[in-house]
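A.B. asks: could you look at this predicted model? Sequence included:
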Amino acid sequence: MQGTNTTRRNLRSNNGPCMATNPIDRCWRCKQDWAKNRKKLADCVLGFGRRTTGGKDGEFYVVTDASDNDMIDPKPGTLRHAVIQKEPLWIIFARDMIIRLKQELIMAGNKTIDGRGANVHIAYGCGITIQFVKNIIIHNLHIHDIVPAQGGMIRDSVDHYGLRTASDGDGVSIFGSSNVWVDHLSMSNCKDGLVDVIMASTAITISNCHFTNHNEVVEKIK
């Protein structure tokens, strides 16, 4: 009967003290000035990918535009424009947004995608591809309802674009890459794997992620 269970635990309210229950979160989460020192996150990675620094040595790039309309000449301010740049970049978001990728988001190396401080969804389109690059951090995104695409001409760097075959519908595809850290992603309902790590990818850490509504969560590790 309600009111007779004297061992019932008291639940903390959302206004209670900050709780960091694992070593990665304790490194940054409860620091009141974390937003003023975002790159501290790069010092927090553990595991096989512990030497990953992402875009720590670069400037901040603020994504202001959720559109994804041009695969060859992406618009400045979009996520696709940010990830193909040559230099290291720490990519953040100006506001909450839902980004529907028309084709795979193919990343250049030395990048951090940091979704903290905004509610950012990569959804209802294609996923993120990390192929033959090094030094990538992807943190605090919602990635869900990812579908295949037929492929086409896609830019993968400032200096190069080429014809891509059809994508499988992976949330995050790590292909022949090293020093990659995937942390605090909420992922669900992708057509293929949620995280696909293949083709001798090494030094990969996947931590603190929430995987739901899927039968092939981490797929094809070989």
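C.D. replies: Done, it's in. Numbers count the residues shown, from 1 in each chain.
A.B. asks: for Phe60, helix, strand, or coil?
C.D. replies: Under DSSP: H, G, I helix; E, B strand; the rest coil, Phe60 falls in the strand class.
A.B. asks: look up which residues are beta-bridged to it.
C.D. replies: With DSSP bridges applied, Phe60 shows beta-bridge pairing to Trp90.
A.B. asks: that one - how many residues pack around it?
C.D. replies: Using other Cβ atoms under 10 Å, Phe60 has 13 other residues around it. Yep, even glycine has a C-beta here, placed from its N, CA and C like the rest.
A.B. asks: any idea how far the most centrally placed residue in the chain is from Arg116?
C.D. replies: Residue closest to the mean C-alpha point of the chain, counted by Cα atoms, centre = their mean, is Ile138 at 3.1 Å. Ile138 sits 12 Å away from Arg116, going by Cβ to Cβ, to the nearest Å.
A.B. asks: now Lys56
C.D. replies: Lys56 is 15 Å from Arg116, by Cβ to Cβ.
A.B. asks: shaky segments in this protein?
C.D. replies: 1-16, 213-222 (pLDDT under 70).
A.B. asks: swap the cut-off to 80 and go again
C.D. replies: Scanning the chain for pLDDT under 80 picks out 1-17, 213-222.
A.B. asks: once you drop chain neighbours, what's closest to Asp168?
C.D. replies: Spatial nearest neighbour of Asp168, chain neighbours left out: Asp192 (4.1 Å); criterion: Cβ to Cβ, 6 or more residues apart in numbering.
A.B. asks: for that neighbour, the count of nearby residues, please.
C.D. replies: Number of residues near Asp192 (other Cβ under 10 Å) recorded here: 19.
A.B. asks: looks like it contacts Gly169 (just checking).
C.D. replies: Yes - using Cβ atoms under 8 Å, Asp192 and Gly169 qualify as a contacting pair, with a distance of 4.3 Å.
A.B. asks: anything in contact with each of those two?
C.D. replies: Shared contacts of Asp192 and Gly169 (Cβ atoms under 8 Å, 6 or more residues apart in numbering): Ile146, Pro148.
A.B. asks: list the buried residues in stretch 144-151.
C.D. replies: Residues of stretch 144-151 classed as buried by neighbour count (16 or more other Cβ atoms under 10 Å): His144, Asp145, Ile146, Val147, Pro148, Ala149.
A.B. asks: tally of neighbours for the nearest residue to Cys27 once chain neighbours are set aside?
C.D. replies: Closest residue to Cys27 apart from its sequence neighbours, by Cβ to Cβ, 6+ apart: Cys44 at 3.6 Å. Residues lying near Cys44 (other Cβ under 10 Å) number 19.
A.B. asks: Ile24 is in contact with Cys44, correct?
C.D. replies: Yes - taking Cβ under 8 Å as the definition, Cys44 is a contact partner of Ile24 at 5.0 Å.
A.B. asks: got the phi and psi for Met153?
C.D. replies: Dihedral pair for Met153: phi -80, psi 120, per degrees, to the nearest 10.
A.B. asks: that one: neighbouring residues, count only.
C.D. replies: Met153: 11 neighbours (other Cβ under 10 Å).
A.B. asks: and it, how far from His81?
C.D. replies: Counting by Cβ to Cβ, the separation of Met153 from His81 is 16 Å.
A.B. asks: now Ile106
C.D. replies: 12 Å.
A.B. asks: wait, what's in contact with Arg80?
C.D. replies: Arg80 neighbours (Cβ under 8 Å, 6+ apart): Asp68, Met71, Pro74, Leu101, Leu105, Arg155.
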